[in-house]
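**Q** sharing a model prediction with you, sequence too.
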Amino acid sequence: MKTEKEKMLAGEMYNPHCEELMEDRARAKDLCYKYNNLAPQEGEKKKIVLKELLQTDKAPYIEPNFYCDYGYNIEVGEMFYANHNCVLLDVNTITIGDNVMLGPAVQIYTATHPLEEKARNSGRELGFPVEIGDNVWIGGGAVIQPGVKIGDNAVIGAGAVVTKDVAADHFVGGNPARVIKEIDNS
């Protein structure tokens, strides 16, 4: 029988109120609070907190305030930068490649809820992984929905709501996001 955490990571309906997940979220909230309240000149302490929160050997640069659900479901590549007020809801995995930049107030959601009211009112949730390739730039205020894959070298315009996969070397924008143009990276 699967644990609620195993169901969560498998994209199945799960109970977020089980003890293990509640403890994991509390840990992440404590680490986010600690990170967000460090002084700007405390860069080394910030690195230590992020390594514990995200469990990464990389050196991500994240401007406060930063929020996530668990932290351990977020994998970032080399040279990751997130501007102020980013929210990464990681009930499922968020995989981010190398040289990725997030503008201010970017939100990446893996969490979602059932459409049917009885299932939604049960308190159970589900989530789907988000994958972001290398050399991606996501403009300020963009929202990436659950299950979306963004290809290498893509650019997401400020304020875009990305509900579908984005092919490599494409610029998308709008709500819902649509292709604005193909990017010539030759």
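**A** Received, thanks.
**Q** just checking, what packs against the top helix by length along the chain?
**A** Longest helix of the chain, by residue count under DSSP state H: helix 19-36. The criterion is 3 or more C-beta pairs under 8 Å, 6 or more residues apart in numbering; DSSP states H and E, and the helices and strands that helix 19-36 contacts are helix 4-9, helix 43-54, strand 66-68. Where you see a C-beta, it was placed from the backbone N, CA and C, and this is true even at glycine.
**Q** in stretch 105-124, what counts as buried?
**A** 105, 106, 107, 108, 109, 110, 111, 112, 124 (16 or more other C-beta atoms under 10 Å).
**Q** helix or strand: which one has residue 41?
**A** Assigned by DSSP states H and E, residue 41 belongs to no helix or strand.
**Q** how much space separates it from residue 80?
**A** From residue 41 over to residue 80 the distance is 21 Å, taken as C-beta to C-beta, to the nearest Å.
**Q** more neighbours: the two, which one.
**A** residue 80 (24 against 8; other C-beta atoms under 10 Å).
**Q** tell me how far residue 67 lies from residue 79.
**A** For residue 67, the distance to residue 79 equals 22 Å [C-beta to C-beta].
**Q** do you know how far the residue positioned nearest the centre of the chain is from residue 123?
**A** Closest residue to the average C-alpha location of the chain: residue 88 at 3.3 Å, with C-alpha atoms, centre = their mean. Distance, residue 88 to residue 123, using C-beta to C-beta: 22 Å.
**Q** from residue 86, how far out is residue 48?
**A** 19 Å.
**Q** when those two are compared, which one has more neighbours?
**A** Set residue 48 next to residue 86 and count neighbours by other C-beta under 10 Å: residue 86 wins out with 22 against 14.
**Q** so who does that one touch?
**A** Neighbouring residues of residue 86 by C-beta atoms under 8 Å, 6 or more residues apart in numbering: 62, 63, 66, 67, 102, 104, 105, 106, 107, 108.
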